[in-house]
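> The amino acid sequence is not available; the structure is as follows:
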């Protein structure tokens, strides 16, 4: 199932071992409180440390790319573009192909949308996108995680959570 309103599809970017270790020095660890909530803005948060409940801004270059390595993580009480609301692991040893990953990601994010928002996707002004494994991240990093991100199509920056927004 493909969502016709989806704003953009982002994929977790993968690197060779050498480039990954070099890039891991540029990503900084996100500061969290005892409950796991982000406590301060981190403009170089790795896509591999996304947690449900985290809020993010997309990098400027994501508009021209389907792959990202880092996002800006920030406390949800600050204006943000997206909130991680669900995650799911894709099963299998072999990469199923980008279309199959997209289909599974769309279905999982759509299924979790109404329980999170409190309104059906078809009537909501809210939308979702996701971060999903690429073939390289699947094979090199054992990446199987899809992270669903909710966005507000009427307001590009939201303050607070969209959980239970019912709109």
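The structure has been received and is ready for your questions. Predicted model, so just to flag it, every value in this text is computed and none were measured.
> Direction included, what does the strand or helix carrying residue 72 pair up with?
Under the criterion of DSSP states H and E, residue 72 resides in strand 70-74. With DSSP bridges as the test, strand 70-74 is paired with strand 42-46 (antiparallel), strand 55-57 (antiparallel).
> what are the bridge partners for residue 127, then?
Assessed by DSSP bridges, residue 127 has beta-bridge partners residue 151.
> residues near it, how many?
Residues within reach of residue 127, counting by other C-beta atoms under 10 Å, total 20. Bear in mind the C-beta positions are built from the backbone N, C-alpha and C, glycine included.
> Am I right that it is in contact with residue 149?
No - using C-beta atoms under 8 Å, residue 127 makes no contact with residue 149, being 9.5 Å away.
> in the helix ranked longest in the chain, what counts as buried?
Longest among the helix segments of the chain by residue count, using DSSP state H, is helix 98-117. Buried residues in helix 98-117, defined by neighbour count with 16 or more other C-beta atoms under 10 Å: 101, 102, 104, 105, 106, 108, 109, 110, 112, 113, 116, 117.
> do the same with stretch 137-151
Those would be 137, 138, 141, 143, 144, 145, 146, 147, 148, 149, 150, 151, for stretch 137-151 by 16+ other C-beta under 10 Å.
> got it, and stretch 66-83?
67-76, 80-83.
> hey, where'd the helices end up in the protein?
Counting by DSSP H, the chain has helices at residues 17-24, 98-117, 135-141.
> Throw the ones you listed into a markdown table and include distance to residue 36 and mean pLDDT, thanks.
Listed next are the helices of the chain as a markdown table, based on distance: least, C-beta to C-beta, whole Å; pLDDT from 0 to 100:
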| stretch | distance to residue 36 | mean pLDDT |
| --- | --- | --- |
| helix 17-24 | 21 | 25 |
| helix 98-117 | 18 | 97 |
| helix 135-141 | 22 | 92 |
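> Looking at these, spot the one closest to residue 159.
Comparison of those against residue 159 by C-beta to C-beta identifies helix 98-117 as nearest, at 16.7 Å.
> okay, and the helix or strand of the chain with the least pLDDT?
helix 17-24 (a mean of 25; mean pLDDT, DSSP states H and E).
> Output the below-cut-off pLDDT ranges for the chain.
Applying pLDDT under 70 to the chain picks out residues 1-26, 61-65.
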